[in-house]
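Undergrad: pasted the sequence and its predicted model underneath.
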Amino acid sequence: MQKTALITGITGQDGAYLAELLLEKGYTVHGIKRRSSSFNTGRIDHLYQDPHDRDVKLHLHYGDMTDSTNLIRIMQETQPDEVYNLAAQSHVQVSFETPEYTGNADALGTLRLLEAIRLLGLSEKTRFYQASTSELYGKVQEVPQSETTPFYPRSPYAAAKLYAYWIVVNYREAYGMHASNGILFNHESPIRGETFVTRKITRAAAAIKLGLQDKLYLGNLDAERDWGHAKDYVRGMWLMLQQDKADDYVLATGEKHSVREFVELSFAELDIDIRWEGSGVDEQGFDTKTGKAVVSVDPRYFRPTEVDLLLGNPEKATNALGWAPTTPFRDMIRQMVRSDLRSVPEDLKNESQAFSIKAI
Ligand code: NDP
Ligand code: GDR
């Protein structure tokens, strides 16, 4: 039987990869897209189907996680077998600047969707995936982190996602809903948002290589993350909803790298020598003398409370779902850098991209 899925956040990195995967599997896919003053469908344009044609499998609906009536109506119209809640104000640093909005969209938005399912009598039919996050672990309690590691959120974003995590568990227990949390560690790709550190680095490496930029400003170089490839992670989301019983799973690679290492490998990919400058680099054995490309530490990018180390243990997902990451770290960096070598000159032609290149 052909299934129907509803994806919130379909225009984001994960939404785009997930939509692609579900369409390949024969699903009818409905996506919720925010109204924006400019086009925001760049990541899914290749999946576009003319709504006037027959047998259209991809449908977009205007909507917002802060608007209950809109979410209820879309849920009613689409009657999905599976809901993937990927929409969120997903930037940790931005959440310190927009804490109330982040709580509204990320925490209450999740509740709104669960209530829509319940109120419409879809609790038996509709399975629910929640985009939970390794940011829940926050301040290091245990390494590596697994489904049993205690949470200690360190940002308004993580606190909002903590509410979302527990409301999903609660609706599962209270109403028997098939609702699962994927506790996903950082995952990246060539279509990763430009303001997350990995893409910021690979874009800068490409721009520097092409002579279009001379400096990269970053914050905390010592932060360590467990970085995987987004394509692998959306497969894990789908697997979670194919299980007889709903549950919560960590998806991670089990490998950690620092921001500094990410910079070094990205620049090495393009044979660029680095000269480090800025806050704290002198004392830490960085090369501050040679190298042409400057990577400068700017405290502007430090966070009020930082998450120092995230390293996940994906054993439960491996055993129960048969899930494993397939893209090695260096291959992912290579993919991102190569893709940015092609896209950055185009971006820079467009004056409106000046902010995204220089001020993120
Ligand atoms: P992105 O930031 O790339 O995408 C977020 C999506 O949510 C976009 O489609 C965005 O729309 C949409 N959105 C934001 N606010 C609203 C709103 N108020 N109403 C409706 N839609 C909204 O995130 P990712 O794809 O990287 O991540 C997907 C989800 O997974 C997020 O919830 C994130 O918090 C979570 N997560 C991500 C991880 C990662 O490493 N990528 C790790 C763990 C969890 P628009 O395009 O218009 O901005
Ligand atoms: P994160 O991702 O906060 O882990 O959240 P991000 O790439 O923003 O930061 C990772 C680490 O890099 C440090 N850092 C910088 N970060 C940014 N963005 N810009 C910089 O210039 C910079 N310099 C150093 C940060 O301090 C941090 O330690 C991502 C998001 O996708 C969340 O939605 C998701 O839940 C988590 O991953 C898992």
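TA: Received the coordinates, thanks. Numbering: from 1, shown residues only. Ligands and ions are numbered 1, 2, ... in the order given.

Undergrad: spit out the contact partners of the closest residue to Asp340 other than its chain neighbours.
TA: Nearest residue to Asp340, sequence neighbours excluded (Cβ to Cβ, 6 or more residues apart in numbering): Ala206, at 3.8 Å. Yep, even glycine has a C-beta here, placed from its N, CA and C like the rest. Counting by Cβ atoms under 8 Å, 6 or more residues apart in numbering, Ala206 makes contact with Leu270, Val337, Asp340, Leu341, Ser343, Val344.

Undergrad: which SSE is the second one in?
TA: Mapping Val337 onto the secondary structure by DSSP states H and E places it in helix 329-349.

Undergrad: and Tyr101, by the same measure?
TA: helix 99-102.

Undergrad: who in this structure is up against ligand 2?
TA: For the chain, the contact set with ligand 2 under Cβ under 6 Å from any ligand atom comprises 90, 92-93, 133-135, 186, 195-198, 200, 218-220, 223, 225, 259, 301, 303, 306-307.

Undergrad: just the buried residues of the residues you listed.
TA: Buried subset of the residues of the chain next to ligand 2 (neighbour count, 16 or more other Cβ atoms under 10 Å): 90, 92-93, 133-135, 186, 196-198, 200, 218-220, 223, 225, 259, 306-307.

Undergrad: quick check: closest non-adjacent residue to the residue lying farthest from the centre of the chain.
TA: Each residue of the chain has a distance to the centre, and by Cα atoms, centre = their mean the biggest one is for Lys289: 36.1 Å. Of all residues not flanking Lys289 in the chain, Arg275 sits nearest, at 7.1 Å (Cβ to Cβ, 6+ apart).

Undergrad: same thing with Leu136?
TA: Phe151 (4.4 Å).

Undergrad: count of residues packed around the one you found?
TA: Other residues lying near Phe151 total 19 when counted by other Cβ atoms under 10 Å.

Undergrad: quick one: the strands in the stretch 101-250 of the chain?
TA: Along the stretch 101-250 of the chain, counting by DSSP state E, counting those that start in this stretch, strands occupy 127-133, 179-184, 187-188, 215-218, 224-225, 228-229, 248-251.

Undergrad: ah, wrong one, I meant the stretch 251-360 of the chain
TA: With DSSP E, counting those that start in this stretch as the criterion, the stretch 251-360 of the chain has strands at 257-258, 274-278, 293-297.

Undergrad: residues contacting the closest residue in space to Leu184 that isn't next to it in sequence?
TA: Leaving aside its chain neighbours, Leu184 sits nearest to Leu251 (4.9 Å; criterion: Cβ to Cβ, 6+ apart). Residues in contact with Leu251 (Cβ under 8 Å, 6+ apart) are 182-185, 187, 228, 232-233, 236, 312, 314, 317, 323, 325.

Undergrad: switch to 7 Å and redo it
TA: Residues in contact with Leu251 (Cβ atoms under 7 Å, 6 or more residues apart in numbering) are Gly182, Leu184, Phe185, Tyr233, Gly236, Pro314, Ala317, Trp323.

Undergrad: which of the residues you listed sit farthest apart?
TA: Spatial extent of the contacts of Leu251 (Cβ to Cβ) is set by the pair Phe185 and Trp323 at 12.7 Å.

Undergrad: who's more crowded, those two?
TA: Neighbour tally, Phe185 and Trp323, criterion other Cβ under 10 Å: the higher count belongs to Phe185, 28 against 21.

Undergrad: would you list the phi and psi of Leu23?
TA: Dihedral angles of Leu23 (phi, psi; degrees, to the nearest 10) stand at phi -60, psi -40.

Undergrad: my guess is it contacts Val29, does it?
TA: Yes: using Cβ atoms under 7 Å, Leu23 is in contact with Val29, at 5.8 Å.

Undergrad: what's the per-residue pLDDT of Ser352 here?
TA: Looking at Ser352, its pLDDT reads 55.

Undergrad: for Phe286, same thing?
TA: Here, the pLDDT recorded for Phe286 equals 73.

Undergrad: ok, now how distant is the residue lying closest to it once chain neighbours are set aside from Lys256?
TA: Nearest non-adjacent residue to Phe286, counting by Cβ to Cβ, 6+ apart: Trp276, 3.8 Å away. The gap separating Trp276 from Lys256 is 21 Å, by Cβ to Cβ, to the nearest Å.

Undergrad: between these two, who's got more neighbours?
TA: Shown here are Trp276 and Lys256; by other Cβ under 10 Å, Trp276 has more neighbours (23 against 19).

Undergrad: against ligand 2, how distant is that one?
TA: Separation of Trp276 from ligand 2 (Cβ to the nearest ligand atom, to the nearest Å): 13 Å.

Undergrad: Lys209 too?
TA: Noted for Lys209: a distance of 19 Å to ligand 2, by Cβ to the nearest ligand atom.

Undergrad: swap in Gly182?
TA: Separation of Gly182 from ligand 2 (Cβ to the nearest ligand atom): 11 Å.

Undergrad: quick one: that residue and Met237 touch, right?
TA: Yes: the pair Gly182 / Met237 is scored as a contact, 5.4 Å apart, by Cβ under 7 Å.

Undergrad: find residues that contact each of those two.
TA: Contact criterion Cβ under 7 Å, 6+ apart; residues shared by Gly182 and Met237: Tyr129.
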